[in-house]
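**Student:** Build the 3D model from these lines:
(4 chains)
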Protein chains: 2
Amino acid sequence: MTARGLRSASLRKTPLVAVDVVIFTIGDGALQALLVEVKKGPAAGSWAFPGGLVPLGETPEATAIRELRAQTGISDVYLEQLRTFGDPKRDPRAHVVSIAYFALVPGKGSAQPNDKYARLCWFPVVGLPPLAYDHNLIAAHALERLRAKLEYTNIVYSLMPGEFTLGELQEVYELILGRRLDRRNFRKKLHVLGILKPLHRHRRGPHRPAQLYAFTRREPMVIEML
Amino acid sequence: MTARGLRSASLRKTPLVAVDVVIFTIGDGALQALLVEVKKGPAAGSWAFPGGLVPLGETPEATAIRELRAQTGISDVYLEQLRTFGDPKRDPRAHVVSIAYFALVPGKGSAQPNDKYARLCWFPVVGLPPLAYDHNLIAAHALERLRAKLEYTNIVYSLMPGEFTLGELQEVYELILGRRLDRRNFRKKLHVLGILKPLHRHRRGPHRPAQLYAFTRREPMVIEML
DNA sequence: TCAAAAGTGTTCTGGATACACCCATGA
DNA sequence: TCATGGGTGTATCCAGAACACTTTTGA
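**Tutor:** Numbering: from 1, shown residues only, chains lettered A, B, ... in the order given. Okay, here's the model as predicted:
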């Protein structure tokens, strides 16, 4: 911003600043998002994404990480800024500008309810109930972003455990994108990309054992996945 | 955000909220951005993108539109949210969280200095001088976004006048992307996409007259341009 | 007549898609 | 032995990239 008006800024009213975090994982054969129960205010009793106000002097991203850990126990997470929502009426109590983040974790186990805070629950992303504030809108943006990035980045690594089979990886893609992929083409593409390494161990199950793989690099990269 | 802490929010310190707008146009054979001179504060005398504080009760996007018109006279502009910058040290005077927007206008003529505000100047985007605050960082994000969207949307329409030749359109692409495009492939692609209509009039110049075209739809669409 | 931009089609190549059969295992 | 998912290769198609000559005009 420019200098104009800032001197009087400490006097002038400006909206509150908050963060909200949409956390996705794969569980029970579906893409799921973590919600917390709203305890106070007009929306009490409904569900919302975890978040909180950004204190003076803290980077919003740091707020997101801190609130995430405090409310859900989740840390070491893939986190990226999604978009900022600033409609004055999005929260009926006050004008709160919310910087939304979207996060990916490898499994539900990462989240542990913290009794100091509200109840936690994982919800399937398709068919979310009506959420507090404008959180259904935020959810829609987050899902759109996730689907898009699945196609041109390797961020799926942050949804996967340390080792997995190709079938499991393909299933994750299919669950999120909502469509079937051709198995041979999928595997061929992964082979060409060279982002996986075979572990030369196998997952035993009710059927033929499957080769276990791991990502060679667990950091965001742009790739032409689909 | 969740309800926690909001009751005490009006007491608690929270950052200020501002918007900054990166406005691009094509002029003098280059991609240019509009800057205003900073008049007050530690950054006085340097250049920055136009912007201002978001008042309580106003949508940040509305603030961007209003400030844009007030400071530069620009209205009816393509505007989209870019990203939010929240580093507490980005403005040395106070913690100001800035929601950055990026805008496209069809020509320099859109901007008229408003003497109530600071001086205006269009700068070529390659080789911008050091700007106030973190505005060089914002510029880099905006340019990256512009280049990306040029490839998969039709937003170039908002940089073009009502009528133009194919050569002029191609030049805009080349200036922004920083590389040459094959003329025959470029024209073929546009023909296939069907986003232009020939006006059956010609631009006369020092050489062979060129057919004039216009966009059939002047609204954002996703297309596979490149 | 010359310089400069406008206008136009075909070939080649690489990536995406579609597709079917055998294998290894536990039940 | 059977049901189930694991594992593999080839043919086709289409879009993107490469590429050169003729036309029209003003100077």
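
**Student:** Output the below-cut-off pLDDT ranges for chain A.
**Tutor:** For chain A, residues meeting the criterion pLDDT under 70 lie at A:1-12, A:115-117.

**Student:** can you tell me the residue of it closest to DNA strand C?
**Tutor:** A:Arg208 (3.2 Å; C-beta to the nearest atom of the strand). C-beta: built from backbone N, CA, C; applies to glycine.

**Student:** That residue and DNA strand D, how far apart?
**Tutor:** Separation of A:Arg208 from DNA strand D (C-beta to the nearest atom of the strand, to the nearest Å) stands at 3 Å.

**Student:** what kind of secondary structure is that residue in?
**Tutor:** Three-state call for A:Arg208 (DSSP: H, G, I helix; E, B strand; the rest coil): coil.

**Student:** what's the longest strand seen in chain A packed up against?
**Tutor:** Secondary structure of chain A per DSSP state E: the longest strand is strand A:16-27. Counting by 3 or more C-beta pairs under 8 Å, 6 or more residues apart in numbering or on different chains; DSSP states H and E, the packing neighbours recorded for strand A:16-27 are strand A:30-37, strand A:51-53, helix A:60-72, strand A:78-85, strand A:96-104, helix A:135-152, helix A:166-177.

**Student:** What residues sit buried inside it?
**Tutor:** A:Leu16, A:Val17, A:Ala18, A:Val19, A:Asp20, A:Val21, A:Val22, A:Ile23, A:Phe24, A:Thr25, A:Ile26 (16 or more other C-beta atoms under 10 Å in any protein chain shown).

**Student:** and DNA strand D, which of those residues reach it?
**Tutor:** Near DNA strand D, judged by C-beta under 7 Å from any atom of the strand, there are no entries from the buried residues of strand A:16-27.

**Student:** May I ask which two of these are separated the most?
**Tutor:** By the measure C-beta to C-beta, A:Leu16 and A:Ile26 form the most distant pair in these, at 33.8 Å.

**Student:** burial count for the closest residue to A:Leu159 other than its chain neighbours?
**Tutor:** Leaving aside its chain neighbours, A:Leu159 sits nearest to A:Leu104 (5.1 Å; criterion: C-beta to C-beta, 6 or more residues apart in numbering or on different chains). By the measure other C-beta atoms under 10 Å in any protein chain shown, the count of residues near A:Leu104 is 21.

**Student:** go on, A:Pro198?
**Tutor:** The burial count for A:Pro198: 10, using other C-beta under 10 Å.

**Student:** quick one: secondary structure of it?
**Tutor:** Of the three states, A:Pro198 takes strand under three-state DSSP.

**Student:** so what's it up against?
**Tutor:** Counting by C-beta atoms under 8 Å, 6 or more residues apart in numbering or on different chains, A:Pro198 touches A:Gln211, A:Leu212, A:Tyr213.
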